[in-house]
Every structure is written in structure tokens, then in C-alpha cells.
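Student: predicted model and sequence follow; I will ask about them next.
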Amino acid sequence: MHADFLPSPALWAAVEPLLPAVPSGLGQRGRPRACDRQMFFAMYYILCTGCKWKALPRCLGAASTVHDRFQEWTRAGVFKQLWTSGLVQLQAEGRLDWDWQCLDACQTKAPLGGEAVGPNPTDRGKGGVKRHVLTEAQGLPIGVAVTGANVHEVTQVQAVLGSMPVLPPPAEGDFAPGFCADKGYDAEAIRRLLARWGYRVHILGRGEEADKCRTPHYRARRWVVERTHAWFHRFRRLLIRWEKKVANYEAFLHLDCANTIWRHSLLFFG
């Protein structure tokens, strides 16, 4: 099995304490309960490759067993807790950059339909999903929301802000964190909402951004969230949504968020 399709030791070490306790008596009769570590590796393999559950290599476990364990852990909120624990650790160490936050949405196909799926206006009305992601200044995901592809971005700003597992530290003096978004978020109601959250609003269209970039010492910032979406698309289970249940899709999304936190924090901070 190629190492790129398996989670890092740090990710497994982080998720192991979060796994729900096995009910008393379960596995004492019949077949022994499958190893949690093997099940987690199989789920990560599905996330990376995007393969069908039934196409899972047998060395990683029976597809039905892995899927049942995935559903069990999804109901228990394991993957969201894993993402949250990574953010909490970085927050405690002062390694989250709250100077700027960036928000953007990305549409992907959802050919099987299901919950939180809508007609994609850019794909001839075919079923699609929209992933709304908020990052801190380095591109680490700190807020996510999932809607149908036909839902406008401006309607989800409050939901994305409310999804943040950790909040920025209180502002000191006149300092206020910046908030970057593209022209699609340019609405007076959004500006008022962001002002109530204490942000300096920085919403420019692509043409305006290009003009600003020609200003000496100007630093473009919105690209970090676009890069984060590109990171997500390296994991083929998120490139096309095959989950009918939105909770299952969000579980894979939270697992990828956690992987981004635990993996890229090592790249950023050594």
C-alpha cells in the first residue's frame, strides 16, 4: 500500500483518544471486533482515492465493516472532534494567524443527489454541492459549511462563522482582524455582519485586486483559501461527492480539514 494513501502517525495518534468506547460485551461472541487503526486507515484510503466502498482493498478490511464503523464514528462526531482538537492545540500554542481570515466557496459535482444538493447553475443544472471554507492567514481551515450548488454565498457567511471550533483571541487596542472575500460577498448586510464580529472588511473584485497588486508593498491575501480548496481536491472523495447523506460528506470534509491541520502545521512551523 502506497504511503501517500495512508494517514500520518500524528493523525492516528490524535484520533485514537477520540474514538468512542466499545459497548460492554460487543465482540465477545462471534468474530472479534475489527481493529480501530485498520478501520481508520481504510477510511483515509477512501478519502484519498475516492474509490467505491466495495472496491476497498481487502487488506484494509471488509467494505461493509469499514462502512459501518465510519457511520458509527460519524454519528459520534469523531471527525469533527479531530479537526477541532488540532485547532485547539495550535491555538494554545499561539500558532494560528488571526491577522486575516479568508472565505470562499467551491462547487463540485454530486451525481447521486441526496441531502444538501442543488442544481448547479454553472453545469447545466446538474446536481452539485457547494463547499464554503473559511481559513486563517496561512490557509488552515477554521470554518466550513455545506449547501446545494444553487445556494448563494452571501447566505452562508453567518453559518460559516458559527461553524468555527475556535474563535480568535480578543482584540487588543485598535487592532481588528481582516476579512477577505471576493466580490460575490459584497453586500451591505454582510459588511454589517462582519463589523459586528469585529472584522476589517476587505472585499474586492478580481479586477480591483489586480489593481491593488500593482500598489507598492501591497500583499494579496485571498489566494490562501483558493489554495486550501486545491488541497481538498487532492483527495478525490471530495472532488466528486458520492455521499447521499450530508453528514457522511461532512465527515469526510472534517477528516480532510483535520489532516490539513495536522499535516501542514508541520510544514509551516517545522
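Tutor: Received it, and whenever you're ready, just let me know what you need. Numbers count the residues shown, from 1 in each chain.
Student: not counting sequence-adjacent ones, nearest residue to residue 224?
Tutor: Leaving aside its chain neighbours, residue 224 sits nearest to residue 139 (3.9 Å; criterion: CB to CB, 6 or more residues apart in numbering). In this view, the C-beta of every residue, glycine as well, is placed from N, C-alpha and C.
Student: who touches that neighbour in this structure?
Tutor: 102, 224, 225, 227, 228, 231, 264 (CB atoms under 8 Å, 6 or more residues apart in numbering).
Student: same check, this time on residue 195
Tutor: Shown in contact with residue 195 (CB under 8 Å, 6+ apart): residue 201.
Student: is it true that it lies in a strand?
Tutor: No. The assignment for residue 195, made by DSSP: H, G, I helix; E, B strand; the rest coil, is helix rather than a strand.
Student: roughly how far apart are residue 54 and residue 238?
Tutor: 20 Å (CB to CB, to the nearest Å).
Student: who has more neighbours out of the two?
Tutor: Legend: neighbour count by other CB atoms under 10 Å for residue 54 and residue 238, higher for residue 238 (22 against 9).
Student: in a helix, that's where that one is, yeah?
Tutor: Yes. The assignment for residue 238 is a helix, going by three-state DSSP.
Student: wait, residue 258 touches residue 12, no?
Tutor: No. Residue 258 lies out of contact with residue 12 (CB atoms under 8 Å); the separation is 11.2 Å.
Student: using the three-state scheme, assign the residue nearest to residue 224.
Tutor: Applying three-state DSSP: residue 139 is coil.
Student: backbone dihedrals for it, please?
Tutor: Backbone geometry at residue 139, expressed as degrees, to the nearest 10, gives phi 100, psi 10.
Student: pLDDT score for the closest residue to residue 152 other than its chain neighbours?
Tutor: Nearest residue to residue 152, sequence neighbours excluded (CB to CB, 6+ apart): residue 184, at 7.8 Å. We have a pLDDT of 89 for residue 184.
Student: got a list of what residue 232 touches?
Tutor: Residue 232 neighbours (CB under 8 Å, 6+ apart): 106, 131, 133, 238, 253, 256, 260.
Student: what about residue 101, how many neighbours?
Tutor: 27.
Student: numbering from 21 from now on, please.
Tutor: Sure, I'll start counting at 21 from here, so that last one is residue 121.
Student: report the secondary structure state of the residue nearest to residue 172.
Tutor: When classified by three-state DSSP, residue 204 comes out as helix.
Student: hang on, it packs against residue 175?
Tutor: No. Shown here, residue 204 and residue 175 do not form a contact pair, counting by CB under 8 Å, at 11.2 Å.
Student: in the stretch 171-290 of the chain, which spans are helices?
Tutor: 177-182, 208-216, 226-233, 243-253, 256-259, 266-289 (DSSP state H, counting those that start in this stretch).
Student: would you single out the least confident of the ones you listed?
Tutor: When those are compared by mean pLDDT, helix 226-233 comes last with a mean of 62.
Student: any idea which helix or strand of the chain has the worst average confidence?
Tutor: Ranked by mean pLDDT, DSSP states H and E, the weakest helix or strand in the chain is helix 226-233, scoring a mean of 62.
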